[in-house]
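Asks: sequence plus the predicted model coming up.
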Amino acid sequence: MSGISKQQIYDQNNKYMIIYEVEEASGPAEERKEADENEVSKLFEELLPRNEIQIEGVYRLGKYQGGDDDQEENAQKPKPRPVKVVLQSRKDKDVLIRKLTQQRKNNPEKVKHIKMSSDRAKQERDQYKKLRQELEERTNKGEENLYIRGDKVLQRTPKGQQK
């Protein structure tokens with residue numbers, strides 16, 4: 001791997017996050033990029049009113065599918081591409097994800113449209129996909145209170161039954 005360790009790649013990827021379902025603008029590339037940067041800033045401001053998060057870059061993943069003004073009015077809009085956000089540090093990413101989790105508990109309507117995740121390497125994505133499948137299978141079999149932590153599917157103990 002030409003002198004770069006797995007740990008260096010992991011550390012670098014740890015300051016990236018992916019945001020889903022961010023509305024995608026149409027128009028020239030520069031206008032779309034500016035609109036994406038504004039949307040991400042607005043989103044972060046919702047989570048952290050005194051926004052101290054430093055954004056180093058905002059990028060759409062995948063190929064742009066829109067922009068044809070000739071399309072019929074009834075034509076289905078393509079699903080918005082995910083947005084990759086490069087933050088200044090892993091700490092910034094962790095703060096945002098923690099705030100989103102808190103908001104989901106306290107005010108779910110305010111943040112129901114926001115879906116974020118850490119950027120993962122291919123191997124990590126594959127492993128996480130297997131965990132999600134296991135979680136779904138076990139849920140379909142009737143198990144409740146399941147969640148993913150690290151590299152395992154765990155079961156929460158209901159509050160009334162704790163030791």
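Replies: Arrived safely, thanks for sending. Numbers count the residues shown, from 1 in each chain.
Asks: residues contacting stretch 79-94, please?
Replies: 11, 14-24, 36, 39-40, 53-62, 64-65, 96, 118-119 (CB atoms under 8 Å, 6 or more residues apart in numbering). Glycine gets a C-beta too; all of them are placed from N, C-alpha and C.
Asks: are any of those residues buried, and which?
Replies: Buried by 16 or more other CB atoms under 10 Å: 14-17, 19, 22, 24, 36, 39-40, 53, 58, 60, 96, 118-119, out of those.
Asks: okay, the helix or strand containing residue 134 in CSV with CA atoms only?
Replies: Taking DSSP states H and E as the definition, one finds residue 134 inside helix 122-140. Coordinates of each C-alpha in helix 122-140 appear next as CSV, following Å, rounded to 0.1, in the frame of the first residue of the first chain:
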residue,chain,number,x,y,z
LYS,A,122,-15.3,-1.0,1.5
GLN,A,123,-14.5,-3.7,4.0
GLU,A,124,-16.2,-1.9,6.8
ARG,A,125,-19.3,-1.3,4.6
ASP,A,126,-19.5,-5.0,3.8
GLN,A,127,-19.2,-6.0,7.4
TYR,A,128,-21.9,-3.4,8.4
LYS,A,129,-24.2,-4.7,5.7
LYS,A,130,-23.9,-8.2,7.1
LEU,A,131,-24.7,-6.9,10.6
ARG,A,132,-27.8,-5.1,9.3
GLN,A,133,-29.0,-8.3,7.5
GLU,A,134,-28.5,-10.3,10.7
LEU,A,135,-30.4,-7.6,12.7
GLU,A,136,-33.3,-7.7,10.1
GLU,A,137,-33.4,-11.5,10.2
ARG,A,138,-33.5,-11.7,14.0
THR,A,139,-36.1,-8.9,14.1
ASN,A,140,-38.3,-10.9,11.6
